[in-house]
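Asker: With the input below, show me the fold.
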Amino acid sequence: WSIIPYFVYLVSLWYFTGMMRLLAAFVGSVACWGISAWVLIICWIKLH
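Answerer: Numbering: from 1, shown residues only. Model prediction:
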């Protein structure tokens, strides 16, 4: 399950580098990683 936020990070970094400068793409990708990890943790707590 821990690979899902990493995958979200990589996909968002690939997507954002086409639209933004590199630093902004990194910041946006880290934000997407954090949100996806948070959602995964919340779902894990509710299901277990």
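
Asker: May I have the helix or strand containing residue 11 exported as CSV, CA atoms only?
Answerer: Under the criterion of DSSP states H and E, residue 11 resides in helix 3-17. The C-alpha trace of helix 3-17 is given here as CSV (Å, rounded to 0.1, in the frame of the first residue of the first chain):
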residue,chain,number,x,y,z
ILE,A,3,3.7,2.4,-3.1
ILE,A,4,0.5,4.3,-3.9
PRO,A,5,1.6,7.7,-2.6
TYR,A,6,4.9,7.2,-4.3
PHE,A,7,3.2,6.4,-7.6
VAL,A,8,1.0,9.5,-7.2
TYR,A,9,4.1,11.6,-6.6
LEU,A,10,5.8,10.3,-9.7
VAL,A,11,2.8,10.8,-11.9
SER,A,12,2.1,14.3,-10.6
LEU,A,13,5.8,15.2,-11.0
TRP,A,14,5.7,14.0,-14.6
TYR,A,15,2.5,16.0,-15.2
PHE,A,16,3.6,19.1,-13.5
THR,A,17,7.1,19.4,-15.1
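
Asker: same for it, what does it pack against?
Answerer: When contacts are defined as 3 or more Cβ pairs under 8 Å, 6 or more residues apart in numbering; DSSP states H and E, helix 3-17 packs onto helix 22-47. Bear in mind the C-beta positions are built from the backbone N, C-alpha and C, glycine included.

Asker: State the mean pLDDT of the helix holding residue 11.
Answerer: Summarised as a single mean, pLDDT over helix 3-17 is 96.

Asker: Which residues outside stretch 3-23 are in contact with it?
Answerer: By Cβ atoms under 8 Å, 6 or more residues apart in numbering, the residues outside stretch 3-23 that reach it are 24, 25, 26, 28, 29, 30, 32, 33, 34, 36, 37, 40.

Asker: what's around the fourth one, how many residues?
Answerer: So the one you mean is residue 28. 17 (other Cβ atoms under 10 Å).

Asker: so what's it up against?
Answerer: 12, 16, 20.

Asker: One more: the third one?
Answerer: Contacts for residue 26 (Cβ under 8 Å, 6+ apart) come out as residue 13.
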